[in-house]
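J.: could you look at this predicted model? Sequence included:
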Amino acid sequence: MAPSALLLLLAAVSAGTLVQAVLGTNTVTALYGETIVIPCNNGAAVPEDLMFIKWKYEKDDGTPGDLLVKQASNEQATVQATDDYARRVSIDKKSNLLITQATLKDQKTFTCMIVSVNNILEFPVPVAVHKKPSSVQILDKAEVLQRDKPTTVGTCVATDANPAATITWTKNGQPLVVDGKATVITPSMKLDPATGLSTTSSMLQYVATKEDVGAVFACMATHEKTNQETVLEPIPIHYPSEKVSLQVMSKRPIVEGDNVTLKCHADGNPPPSSFFFHIKGKKILVENSDNYTLVAINREAAGEYKCTLTDNEKLEASQSIDVGYLDLSLSLTGKVDKRLGDTLSVKMEKNSSGDAKVSWTKNGKAVKEPEFSKLSYADAGLYLCEVSMTGLTRRQSFELVVEGKPVITSLTKVRAIDAEHKVLTCEAEGVPEPSFQWSVNNTKEESSYINGKATHKITVVPNMNLTVSCSVSNRLGDDIMTINVSSVFKEEREEKGSQDDSDDQSKLIVGVVAGLLIAAAVIGLIYWLYVKNARQGSWKTGEKELGTSEESKKLEENNHTV
């Protein structure tokens, strides 16, 4: 077709003088600010005898407006629009119309015209532009809610949406139902004339109860299939106190000397900051605190305690306090000095608010309650009496010292291993510790003192026989004992002489025994010969072997005589 003929055809099409087939197309939904993609004939292939494709739209006043034309023989489209679309429209290889930076003003019907040699077809496409809210927020948030009073929780605002967002309120995740009394929701909507976008608002008024403490309120903006939620932090609920309680914070049981803290609590919100504590008939004001401490309580402090509100003393609470106590008294205390053999009485008295256990120790070891009828040194020591009950322990002690003048219990001597010295040991009992005095000089000495028993050893080298004395003394008296100690050299000589005599005696004994044995042998030999001769004579005469009875008797007598 000649260019002049094409121009005439375009003019005729623009004038609408040709017969057109108009087919409807599904609405295209675009996102605000994004690129709108509008298909031509739902994306179907263009006819083979295509001459050109033209996109146009319907203006706000109802008149048609041209956008662009693309000839089949030319890959580049010619933009015909002279308004804002001139810089925003284009066409792709599939004949789709592209409109950038979508706004609500693009919500129009765009028509794709397909002109071929044999036909002219038009495909109108409605366009809708949607926008989700730019933000969802709660304004004018309540700082507190008053119990049983309508209070504005806040206003939920969903800004700049198309279509307008729907707002719902929830409490603890559950939708709130408007009842006109406890729950009142007031919606509103505002349209921006410049952009055509809608801002939706919803104000919630709510009558709170004590059960709403800690409740979480939230608003949700719904835009088509998407939800945007904004959650409020739990809002405090204020309400006056209805109950008061008094707690004893200290551990139980309470005993004398404990610090006891009383805590007053009221169920109002905010909780009261001041209280009256009634302490043994006195009313004490405590401000900016809910507790009062009784320091080092005693048994006289036992009884009933109360607390009340400063602004409503009719609300009160009470607690009864029992105070445990334990007293211990010993008739003996400190250091007790007694004499050996004395009698001693120990008395223990206790006074307690409950069952108390009594135990005794002596020098740290458990013993029975001490009884002293006749004191011995073994009775001396540190005695501790302990009385205990739950939460309380009392202790008292005394140190018993048993004194007596020293008495020597033994004085012994023993020869040293080297045989050149003698060791003398003197043992004594006495308190205080006795001192030792010997009547002989020594080369070495050792001493010990344990539980009233004293031991003193000395080493001496006596050159002659001596009588050695050991004397002991303390401030209460003294004692003395002697022992005979022979010379070391004399003992050596005596031992040597004794050994020689012993050798001679041994030799003598051996000689005597040998002589006796020889004599016995001789006698036995004689007896044997006599018996033999006698028997041989009987055989010679032909007489009986044993002879007569008288001869037998004589023979027996002779045998006994021999």
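T.: Structure's in. What do you need?
J.: now the longest strand anywhere in the chain: buried residues?
T.: Counting by DSSP state E, the longest strand found in the chain is strand 392-415. By 16 or more other C-beta atoms under 10 Å, the buried positions in strand 392-415 come out as 392, 394, 398-400, 402-408, 411. Where C-beta positions appear, they are placed from N, C-alpha and C, glycine not excepted.
J.: please name the strands paired to that strand in the sheet, noting orientation.
T.: Using DSSP bridges, strand 392-415 pairs in its sheet with strand 334-339 (parallel), strand 381-389 (antiparallel), strand 422-431 (antiparallel).
J.: pLDDT on that strand, on average?
T.: Averaged over strand 392-415, pLDDT sits at 94.
J.: where's that strand relative to the chain centroid, distance-wise?
T.: 50 Å (C-alpha atoms, centre = their mean, to the nearest Å).
J.: also stretch 265-273?
T.: With C-alpha atoms, centre = their mean, you get 32 Å for stretch 265-273.
J.: export it as PDB, just CAs?
T.: Extracted in PDB, the C-alpha atoms of stretch 265-273 (Å, rounded to 0.1, in the frame of the first residue of the first chain):
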ATOM      1  CA  HIS A 265       0.600  -5.600  99.800                       C
ATOM      2  CA  ALA A 266      -2.500  -4.200  98.200                       C
ATOM      3  CA  ASP A 267      -4.200  -5.400  94.900                       C
ATOM      4  CA  GLY A 268      -4.700  -1.900  93.400                       C
ATOM      5  CA  ASN A 269      -2.900  -0.600  90.300                       C
ATOM      6  CA  PRO A 270      -0.700   1.300  90.600                       C
ATOM      7  CA  PRO A 271       0.100  -0.300  94.000                       C
ATOM      8  CA  PRO A 272       0.000   2.000  97.000                       C
ATOM      9  CA  SER A 273       3.300   3.600  97.900                       C
END
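J.: what's in contact with it?
T.: Under the criterion C-beta atoms under 8 Å, 6 or more residues apart in numbering, residues 213, 236-247, 287-290, 309-311, 315 lie in contact with stretch 265-273.
J.: quick one: buried ones out of these?
T.: Buried among the contacts of stretch 265-273 (16+ other C-beta under 10 Å): 237, 239, 241, 244, 246, 290, 309, 315.
J.: mind checking which of the residues you listed are in strands?
T.: The strands, defined by DSSP E, take in 237, 244, 246, 309 from those.
J.: surely Trp37 touches Thr100?
T.: Slight slip there: residue 37 is Val, not Trp. No: look at Val37 against Thr100 with C-beta atoms under 8 Å: they stay out of range, at 10.5 Å.
J.: show me what counts as buried in stretch 166-185.
T.: So, applying 16+ other C-beta under 10 Å, buried residues of stretch 166-185: 166-169, 171, 176, 183-185.
J.: turn the ones in strands among the buried ones among the contacts of stretch 265-273 into JSON lines, including distance to Leu332 and pLDDT.
T.: Below are those laid out as JSON lines (distance: C-beta to C-beta, whole Å; pLDDT from 0 to 100):
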{"residue": "Ile237", "distance to Leu332": "69", "pLDDT": "90"}
{"residue": "Val244", "distance to Leu332": "53", "pLDDT": "95"}
{"residue": "Leu246", "distance to Leu332": "46", "pLDDT": "95"}
{"residue": "Leu309", "distance to Leu332": "56", "pLDDT": "94"}
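J.: from those residues, pick the one nearest Val431.
T.: Leu246 (61.7 Å; C-beta to C-beta).
J.: please name the nearest non-neighbouring residue to that closest one.
T.: Ala317 (4.0 Å; C-beta to C-beta, 6 or more residues apart in numbering).
J.: list the beta-bridge partners for the one you found.
T.: Cys307.
J.: and Glu427, how far is that from Arg475?
T.: 20 Å (C-beta to C-beta, to the nearest Å).
J.: re the thing from before, count the residues that sit near the residue nearest to Leu246.
T.: 18 (other C-beta atoms under 10 Å).
J.: quickly note the distance from it to Val260.
T.: From Ala317 to Val260 the distance is 16 Å (C-beta to C-beta).
J.: low-confidence ranges in the stretch 401-550 of the chain?
T.: Counting by pLDDT under 70, the ranges of the stretch 401-550 of the chain that qualify are 489-515, 527-528, 530-550.
J.: residue ranges for the helices of it, please.
T.: If DSSP state H, counting those that start in this stretch is used as the criterion, the helices of the stretch 401-550 of the chain fall at 488-541, 549-561.
J.: residues touching Asp355, list them.
T.: Neighbouring residues of Asp355 by C-beta under 8 Å, 6+ apart: Met389.
J.: which one of the buried residues of stretch 166-185 is nearest Val387?
T.: For these, the nearest to Val387 is Lys171 (62.8 Å; C-beta to C-beta).
J.: can you name the residues bridging to the closest one?
T.: Bridge pairing for Lys171 - DSSP bridges - gives Gln174, Phe217.
J.: looking at it, it is touching Phe217, isn't it?
T.: Yes: applying C-beta under 8 Å as the test, Lys171 and Phe217 come out as touching, 5.6 Å apart.
J.: isn't Glu427 up against Thr409?
T.: Yes: between Glu427 and Thr409 there is a contact under C-beta under 8 Å: 5.0 Å.
J.: give me the mean pLDDT for the helix or strand containing Lys350.
T.: Under the criterion of DSSP states H and E, Lys350 resides in strand 348-352. Confidence for strand 348-352, expressed as mean pLDDT, is 94.
J.: may I have the very next helix or strand once past that strand as PDB, with CA atoms only?
T.: As assigned by DSSP H and E, the chain's next helix or strand after strand 348-352 is strand 357-362. What follows is strand 357-362, C-alpha atoms only, in PDB (Å, rounded to 0.1, in the frame of the first residue of the first chain):
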ATOM      1  CA  LYS A 357      18.300 -30.900 123.300                       C
ATOM      2  CA  VAL A 358      21.100 -30.900 125.800                       C
ATOM      3  CA  SER A 359      24.600 -32.300 125.100                       C
ATOM      4  CA  TRP A 360      28.000 -32.200 126.900                       C
ATOM      5  CA  THR A 361      31.600 -32.400 125.600                       C
ATOM      6  CA  LYS A 362      34.900 -32.600 127.400                       C
END
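J.: list the pairing partners of the helix or strand just after strand 357-362 within its sheet, with orientation.
T.: Taking DSSP H and E as the definition, the helix or strand that follows strand 357-362 towards the C-terminus is strand 365-367. Its sheet considered, strand 365-367 pairs with strand 357-362 (antiparallel) by DSSP bridges.
J.: for the partner strand, the averaged confidence score.
T.: Strand 357-362 comes out at a mean pLDDT of 96.
J.: got the angle for it vs strand 348-352?
T.: 150 degrees (axes from the mean of the first three to the mean of the last three C-alpha atoms, to 10 degrees).
J.: now do the SS call for the nearest residue to Ser135 once chain neighbours are set aside.
T.: Once flanking residues are discounted, Ser135 sits nearest to Thr159: 5.3 Å by C-beta to C-beta, 6+ apart. With DSSP: H, G, I helix; E, B strand; the rest coil as the basis, Thr159 sits in strand.
J.: my read: Thr159 touches Asp192, true?
T.: No: if you go by C-beta under 8 Å, Thr159 and Asp192 don't touch, sitting 9.2 Å apart.
J.: list residues touching both of the two?
T.: Thr199.
J.: same drill for the two, tell me which one is more crowded.
T.: Remark: of Thr159 and Asp192, Thr159 carries more neighbours, 18 against 13, as counted by other C-beta under 10 Å.
J.: re the thing from before, as CSV, the buried residues of stretch 166-185 with pLDDT would be great.
T.: Below are the buried residues of stretch 166-185 laid out as CSV (pLDDT from 0 to 100):
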residue, pLDDT
Thr166, 94
Ile167, 95
Thr168, 94
Trp169, 95
Lys171, 94
Leu176, 93
Thr183, 95
Val184, 95
Ile185, 95
